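J.: starting from these lines, generate the structure:
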Amino acid sequence: MARGKTFIISGPSGVGKSTVLKNLFEGREDLYFSISATTREPREGETDGVHYHFISVERFQELIEADAFLEYAEYVGNFYGTPKKYVDKAMDDGKDVILDIEVQGALQVSNKRPDTIRIFIAPPSWDELERRLRCRGTDSEEKIQKRLVRAKSELRTADVYDYFVINDTVDRAVREINAIMLAEHCKPAERMKILSE
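T.: Next up, the predicted model:
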């Protein structure tokens, strides 16, 4: 059985990543969604091991010391990180792993594992991104402006990614990501191994 690959999906807030990923995973048993570890308290309705791996700050620090994370960051007083062991287990089981992480985390993972495939999801236009953020109805005007400033900064780093997917429609974005994943498994280095076994 061929070992799975790791795919990073990044993109600005409001681009529709969650919807794209939900559709990408529909009916697929060959994909594994990487669940982050965090030191924040669970919110109502969140389950340990489903939404996050909820751990103490002390335990998180121990895992940092043990180099147990592919990437980690502190955000608003809490730590978030991607545990290596779950990613490696899924890959060993032949599953492709999807990491939904921000640009800084993506760079950390790429530095540790250069064979990771990075996919950036972008909006079809700046106006459309702003429209989507406003239509969510969850953020204040101040928060929307902060998200837009951050989105501009993230879009400027998109050229370090391997692929650039424009989410003008969810179906097309999912088709393109599936095509990227298939193409990555058709590379000579991987296919030649099958012939030599």
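
J.: how about low-confidence regions in this structure?
T.: For the chain, the stretches with pLDDT under 70 are 197.

J.: which residues are in contact with Met94?
T.: Careful, residue 94 is Gly; it's not Met. 1-4, 30 (CB atoms under 8 Å, 6 or more residues apart in numbering). Yep, even glycine has a C-beta here, placed from its N, CA and C like the rest.

J.: can you show me the strands along this protein?
T.: 6-10, 31-33, 37-38, 53-54, 69-75, 78-83, 96-100, 117-122, 163-166 (DSSP state E).

J.: now the second one: buried residues?
T.: The one in question is strand 31-33. Within strand 31-33, the residues that count as buried by 16 or more other CB atoms under 10 Å are 31-33.

J.: contact partners for the residue nearest the centre of the chain?
T.: For the chain, Asp100 is the residue whose C-alpha lies nearest the centre (CA atoms, centre = their mean; 1.5 Å). For Asp100, the contact set (CB under 8 Å, 6+ apart) comprises 9-10, 17, 21, 33-34.

J.: repeat that with 10 Å
T.: 7-11, 17-18, 20-21, 33-36, 82, 121 (CB atoms under 10 Å, 6 or more residues apart in numbering).

J.: tell me how far it lies from Val76.
T.: 18 Å (CB to CB, to the nearest Å).

J.: any chance you could map the helices in the protein?
T.: Along the chain, counting by DSSP state H, helices occupy 17-25, 57-65, 84-92, 103-112, 126-136, 141-156, 170-184, 188-196.

J.: dump the ones you listed to JSON lines, plus mean neighbour count and distance to Tyr163.
T.: Converted to JSON lines, the helices of the chain look like this (neighbours: other CB atoms under 10 Å; distance: least, CB to CB, whole Å):
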{"stretch": "helix 17-25", "mean neighbour count": "16", "distance to Tyr163": "13"}
{"stretch": "helix 57-65", "mean neighbour count": "13", "distance to Tyr163": "30"}
{"stretch": "helix 84-92", "mean neighbour count": "16", "distance to Tyr163": "19"}
{"stretch": "helix 103-112", "mean neighbour count": "18", "distance to Tyr163": "12"}
{"stretch": "helix 126-136", "mean neighbour count": "15", "distance to Tyr163": "19"}
{"stretch": "helix 141-156", "mean neighbour count": "14", "distance to Tyr163": "15"}
{"stretch": "helix 170-184", "mean neighbour count": "15", "distance to Tyr163": "5"}
{"stretch": "helix 188-196", "mean neighbour count": "9", "distance to Tyr163": "17"}
